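J.: after the sequence you'll find the predicted model.
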Amino acid sequence: MSEQPGSIVEAFGALLPDLAPDEVPMFLAILERIAGSRYRGWAQEAADDIERAGLLACAEREDEIAVFIESLEADAAARAADLRGRFPDLQERYDAVMSGLDRTEQLRVQAEGELGGADYMRQFAAATEGAVAARFESLACCEEANSKFLSALIAS
């Protein structure tokens, strides 16, 4: 990548035209796993137990989203492996977004990314029905909860 993207949505949104519509949810599940790992890293460096617990709760919500999306796939492992093979630099793209930013700036970028994730969950909800749509809507709320937590950390 020649230029550092300014946001998570920008970094990964550029790849969406290369995906079939039915691949987008699993692609986002992979990104949720990457974000969960980042939250765990921040938790290890947390200033106190309250912050650590909040960051770990954010990581758990990211995992919850990924698990649900994976549950909708007939062979989630194969789909994820295919996507990772086609897009082997997903972790590097995420790291590039955060590169050179201090912790507060990283939290801000992640908070904005969570709102982008909430938008996608709502798009998935609109494209489905019944319990699946309701679950995607609840997962949008998980994304928003993560964004709110990060915004509160930034403000403190």
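T.: Received, thanks.

J.: going by C-alpha atoms from here, please, whenever you check contacts or count neighbours.
T.: OK.

J.: any chance you could map the helices in the chain?
T.: 8-13, 24-44, 49-71, 76-86, 90-98, 103-126, 130-155 (DSSP state H).

J.: and the third one, what does it pack against?
T.: What that stands for is helix 49-71. helix 24-44, helix 130-155 (3 or more Cα pairs under 8 Å, 6 or more residues apart in numbering; DSSP states H and E).

J.: let me see the contact set for the most centrally placed residue in the chain.
T.: The chain has residue 32 as the residue nearest its centroid, 3.5 Å off, counting by Cα atoms, centre = their mean. For residue 32, the contact set (Cα atoms under 8 Å, 6 or more residues apart in numbering) comprises 62, 63, 65, 66.

J.: can we see that at 10 Å?
T.: Shown in contact with residue 32 (Cα atoms under 10 Å, 6 or more residues apart in numbering): 26, 38, 59, 61-67, 114, 117, 143.

J.: tell me how far it lies from residue 49.
T.: Residue 32 sits 24 Å away from residue 49, going by Cα to Cα, to the nearest Å.

J.: just for the protein, where's the confidence low?
T.: Applying pLDDT under 70 to the chain picks out residues 1-5.
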